[in-house]
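1. Prediction below, plus the sequence it came from.
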Amino acid sequence: MMKKEYLLTFILFAVVAIMVACSNEAAENEGTDENTSDGENQAEQVLKIANDQEPAGLDPHKTPAHSSVRIYSQVYSGLVQLDEKMNLEGDLAESWEQPDDQSYVFKLREGVTFHNDREMTAEDVKYSFERILDEETASHIASYFANVESIEVLGDYEIQFNLTAPDATFLSNLTNASAVVVAQEVVEENGGDLQQVAVGTGPFKFQEWVPDNQVVLVKNENYYEEGLPKLDEVIYFTMKDEAARMSAIRTGEVDLTSLTAKSASLLENEENLDIKNYQSLEYSYVGFNVNSELLSDVKVRQALSLATNREAVADIVWNGDAVVSGPVAPSMGDWAIDVTAHELYANDIEKAKQLLEEAGYPDGFEITITTASTYPDMVNTAQVLQQQWAEIGVDAEISQIEWGAYIDTWSNTSADVLIGRNGSGTDPDRALQYFFHTDGSANVWGFSDEEFDQLTETGETTLEQADRKEIYTEAQEVLLNLSPNLFLVSPMSYVAASKSVEGFTPYPHNGEDILEVTKQ
Amino acid sequence: MLIPVLFGVSIVIFIALRVIPGDVAATILGTDATPETLAQLRKNFGLDLPIYEQYLQWIGGVLTGDFGESMRTGKEVLPDILDRFAITFELTILAAIISWIIAIPMGILAGIKRNSKTDFSVRVISLLGVSVPNFALATVLILVLSLSFSYSPPVGYVGFWEDPIRNLQILFLPALVMGTSMAGAVMRMTRSSILEILRQDFIRTIRAKGAKEKIVIFDHALKNAMIPILTIIGLQVGVLLGGTVIIEQIFSLPGLGQLVLTGINQRDFTVVQGAVLFIAFVFVLINLLVDLLYSYLDPRITYK
């Protein structure tokens, strides 16, 4: 009798627990139904995107983090942009011309309004670029526009940029997602800071940001391109756990999410999903502190390049979905040289051993490879290299550090060998001069080569495309031969989209183009 | 005791953040950093001042209730901490309730039926609960529910007062995961506590008086067994409050744990300092409450 009662009590608890669980699932289904039939309009177009990182602020002039860019680039517009084929096209600027080599005049679209309904004029463009260049702002893109001498407003819809010297990269720098036009009054109302608000001229209006939870954008009814955007609302959810993102996209809780190669292959056979991929603008690299005793010897660096099997890196680290890359990623099209034929990419172990011997290390040496634990691909790359380099007697130890410490190590060159990933930007000047010129801001390696410096300086001021291509081809050759970094592979990026999402095509410099997306 | 502990914590966290490599300016700018912009950004954040001056500025603000603003988002730190604490707190309470629902009946059952098959199963389950890390359980649960039942918890957190049903749906899985790992310890404590009480003289007396077994267990044994159980529950709630970081991350909950984690990754000093100080405060407070609870439950314990 007593036995039964306790058993009953326990069963009762268990039943209650299961009921709670089930009612949750039932209520959940109702919940989704409700959502779709919410509001007056049956066909409310809401796109839900799962992001792997929390935005680090919304100020376009102060925040380079990708998690922020993907959001504010929907809210703001710049003067010019790139189309799918990476050709320049007007955005806020209708047309532009060059009165001389050192100045650009932009004609602005008329009738474009900010999300606070005020008209955008040339004064706003001037204000925005002066804000970028203002030291106080400490803008990450100030260096892109360092040679802007003055900005003149020629009329409400006409503005002139005067440069200190001819600059072939000026227009492509203007396509940077951070080189956008902001409204002066909004900056002033918020104490000079736009991290919490966003009022732009772009296709979507910023509605709210609930930290570590979601960012909501709504359609800009007055967007200057008729009929666009097609979506009424975009919600970005912050979901840092990849398993949770996979689960949410499988079950339709979200419509779009980026994925790693490994997860993408797991979702390949899902009926309700489209897995889209595109060649990214990024490449992975091994950075050398060229001032260290060991790595200052170019033969050692070349030997390591020869000992590296880049195809194997692509296969093991990226499931085969990566292409061998030089300092300019292959997705930059014509600018990139074909590196596969380069002699230092030949994975020739004998030659590598011979070079080491010439450098005075016949038995190899010990070294530490530093990598960021935050990114599994960087850790995997380090492991693959550790094995490959062992073949020429290099005994490598791997040191994994956390992201903040990694950035610190990178900027102070406190590691001799550092695994990393670079974005090539949209112009070879960024990929080459910025990272490897003696005075390049991101040249943390201590690399300095006169020939390379001269080539990139000429490249920057040469306006003729064909001449530039020749110059940058040569510069890439020089860089490969001297190997201050070993350029490895450029991976594919993956996006999983629900089948109900139409009109979505990601491409290298815009992985989240949702302007013409609709939902069934 | 409370004040010196908090002061100590504030100094330790302040210095620790400045000793670890990397600062907010470098993490913001990444590869876009130039020496000039770095220096300017550090100046904007007041990081160019001597460390004691930075500390005095910060602690001065804290004493007047101003925890400063986030270096990344410019948001006020204290309101953000309180908002997020509410979420972590709710999650903790739900997890605790789930763990009681699972643990106490099973613990009692195992205690009464010592060395039976039931007892054995409960002991195995509780051992599993204690030893399986909750992040592993969480990931497995998400994958199994998604692959086998096409279920995933709703995305996008909403507060309890906004939409209670949706709120509970969102929190159910994480609370279940945390609850089950907490249940293991509570189950073991309940079982041994019941066993001990049942052996005592007064239980024999009550039984001898012919009381029904139900009354013996629920009115007498359980009441006395609750003292150690409550203690362990209290302590666990304290640990849970600070230990939800991983669960919050996996289930995308905007709680206090996520705030601290994002803050550390982005080197957002003001946020981390504020949040750590707040957590320390809550811990000290819970310890105090547990101490007070002792004397309430057992009048023989007094504090001078």
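-> The structure has been received and is ready for your questions. Numbering: from 1, shown residues only, chains lettered A, B, ... in the order given.
2. mind checking pLDDT for residue 107?
-> Just going to use chain A. On the pLDDT scale, A:K107 is placed at 96.
3. right idea, wrong chain: chain B
-> 88.
4. Could you pull up the residues touching it?
-> B:122, B:126, B:186-191, B:193-194, B:229 (CB atoms under 8 Å, 6 or more residues apart in numbering or on different chains). Where C-beta positions appear, they are placed from N, C-alpha and C, glycine not excepted.
5. of the residues you listed, the lowest pLDDT goes to which?
-> B:I229 (77).
6. in which helix or strand would I find A:I514?
-> Assigned by DSSP states H and E, A:I514 belongs to neither a helix nor a strand.
7. hang on, it packs against A:E233?
-> No. At 11.2 Å, A:I514 and A:E233 do not qualify as touching, with contact defined as CB atoms under 8 Å.
8. so what sits against both of the two?
-> Taking CB under 8 Å, 6+ apart as the contact rule, A:I514 and A:E233 both touch A:L47.
9. Looking at the two, which is more packed in?
-> Taking other CB atoms under 10 Å in any protein chain shown, A:I514 and A:E233 do not tie; A:I514 has more neighbours (24 against 17).
10. can you give me the strands for chain B?
-> Assigned by DSSP state E, the strands in chain B number zero.
11. the helices in it, which residues?
-> B:2-19, B:24-29, B:35-44, B:51-63, B:77-112, B:117-131, B:134-149, B:164-198, B:201-208, B:213-214, B:222-242, B:245-250, B:256-265, B:269-297 (DSSP state H).
12. which residues are contacting stretch B:199-210?
-> Contacts for stretch B:199-210 (CB under 8 Å, 6+ apart): B:197, B:215-216, B:220-221.
13. burial of A:A341, as a residue count?
-> Per other CB under 10 Å, the neighbour tally for A:A341 reads 8.
14. Check it and give its pLDDT.
-> pLDDT at A:A341 comes out at 87.
15. Surely it is in a strand?
-> No. Counting by DSSP: H, G, I helix; E, B strand; the rest coil, A:A341 is not part of a strand but coil.
16. quick one: it from chain B, how far?
-> Remark: distance between A:A341 and chain B (CB to the nearest CB, to the nearest Å) = 29 Å.
17. what's the spacing between A:T63 and B:V260?
-> Per CB to CB, to the nearest Å, A:T63 is found 21 Å from B:V260.
18. no, scratch that, I was asking about B:G274
-> Taking CB to CB, one finds B:G274 at 10 Å from B:V260.
19. more crowded one of those two?
-> B:G274 (28 against 23).
20. wait, doesn't the more buried one sit right on B:G68?
-> Yes. Applying CB under 8 Å, one finds B:G274 in contact with B:G68, separated by 6.9 Å.
21. list residues touching both of those two?
-> B:V77.
22. The helix or strand of chain B with the lowest mean pLDDT: which residues count as buried?
-> One helix or strand of chain B scores below all others by mean pLDDT, DSSP states H and E: helix B:222-242, with a mean of 74. Across helix B:222-242, burial judged by 16 or more other CB atoms under 10 Å in any protein chain shown covers B:222, B:224-226, B:228-229, B:232-234, B:236-238, B:240-242.
23. With stretch A:181-200 instead?
-> Those buried within stretch A:181-200 under the rule 16+ other CB under 10 Å are A:181-183, A:186-187, A:193-200.
24. Tell me the one of these nearest A:F365?
-> Using CB to CB, A:Q195 comes nearest to A:F365 of the buried residues of stretch A:181-200, at 46.6 Å.
25. Can you get me the start-to-end distance on stretch A:223-239?
-> End-to-end distance for stretch A:223-239: 30 Å, by CA to CA, to the nearest Å.
26. how about it against chain B, any contact?
-> Yes. Residues of stretch A:223-239 are located near chain B by CB under 8 Å from any CB of the partner chain, namely A:235, A:237-239.
27. how about a markdown table for those residues, with neighbour count and secondary structure added?
-> A markdown table is the format used below for those (neighbours: other CB atoms under 10 Å in any protein chain shown; DSSP: H, G, I helix; E, B strand; the rest coil):
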| residue | neighbour count | secondary structure |
| --- | --- | --- |
| A:I235 | 20 | strand |
| A:F237 | 22 | strand |
| A:T238 | 25 | strand |
| A:M239 | 30 | coil |
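28. out of those, who's nearest A:G503?
-> Nearest to A:G503 among the residues of stretch A:223-239 next to chain B is A:I235, at 18.2 Å by CB to CB.
29. Can you tell me the element A:V495 falls in?
-> Per DSSP H and E, A:V495 falls inside strand A:489-498.
30. State the mean pLDDT of that strand.
-> For strand A:489-498, the mean pLDDT works out to 92.
31. so, in contact with chain B or not, the next helix or strand after it?
-> Downstream of strand A:489-498, the next assigned helix or strand under DSSP H and E is strand A:501-502. No. Using CB under 8 Å from any CB, strand A:501-502 stays clear of chain B, coming no nearer than 15.9 Å.
32. elements contacting strand A:501-502?
-> Counting contacts by 3 or more CB pairs under 8 Å, 6 or more residues apart in numbering or on different chains; DSSP states H and E, strand A:501-502 packs against strand A:518-519.
33. Give the rounded mean pLDDT of the strand it packs on.
-> The model assigns strand A:518-519 a mean pLDDT of 88.
34. can you list the residues that contact that strand?
-> Counting by CB under 8 Å, 6+ apart, A:45-47, A:230-231, A:255, A:500-503 sit against strand A:518-519.
35. partners of it in the sheet?
-> In the sheet, strand A:518-519 lines up against strand A:501-502 (antiparallel) (DSSP bridges).
36. quick revisit: quick check: the farthest pair among the buried residues of helix B:222-242?
-> Farthest-apart pair in those is B:N224 and B:G242; separation 30.9 Å (CB to CB).
37. can you dump the C-alpha coordinates of the least confident helix or strand of chain B into CSV?
-> Provided in CSV are the C-alpha atoms of helix B:222-242 (Å, rounded to 0.1, in the frame of the first residue of the first chain):
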residue,chain,number,x,y,z
LEU,B,222,11.1,14.9,5.7
LYS,B,223,10.7,17.9,7.9
ASN,B,224,13.9,17.1,9.8
ALA,B,225,15.8,16.0,6.7
MET,B,226,15.1,19.3,5.0
ILE,B,227,17.8,21.2,7.0
PRO,B,228,20.9,19.8,5.2
ILE,B,229,19.0,19.7,1.9
LEU,B,230,18.1,23.4,2.1
THR,B,231,21.6,24.2,2.9
ILE,B,232,23.0,22.5,-0.2
ILE,B,233,20.2,24.0,-2.3
GLY,B,234,21.1,27.5,-1.0
LEU,B,235,24.7,27.0,-1.8
GLN,B,236,24.0,25.7,-5.2
VAL,B,237,21.7,28.6,-6.1
GLY,B,238,24.7,30.8,-5.3
VAL,B,239,27.0,28.8,-7.6
LEU,B,240,24.4,28.7,-10.3
LEU,B,241,23.9,32.5,-10.4
GLY,B,242,27.6,32.9,-11.3
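38. That helix and chain A in contact?
-> No. Helix B:222-242 is not in contact with chain A by CB under 8 Å from any CB; minimum separation 11.9 Å.
39. Pull the distance from that helix to the chain's centre.
-> Distance of helix B:222-242 from its chain centroid, counting by CA atoms, centre = their mean, to the nearest Å, is 13 Å.
40. Same question for stretch B:134-145.
-> In terms of CA atoms, centre = their mean, the centre of stretch B:134-145 is set 19 Å apart from its chain centre.
41. can you pull the buried residues of it?
-> Neighbour-count burial for stretch B:134-145 [16+ other CB under 10 Å]: B:134-135, B:137-139, B:141-143, B:145.
42. Just confirm yes or no for it near chain A.
-> Yes. Taking CB under 8 Å from any CB as the criterion, stretch B:134-145 and chain A are in contact, through B:139, B:142-143, B:145.
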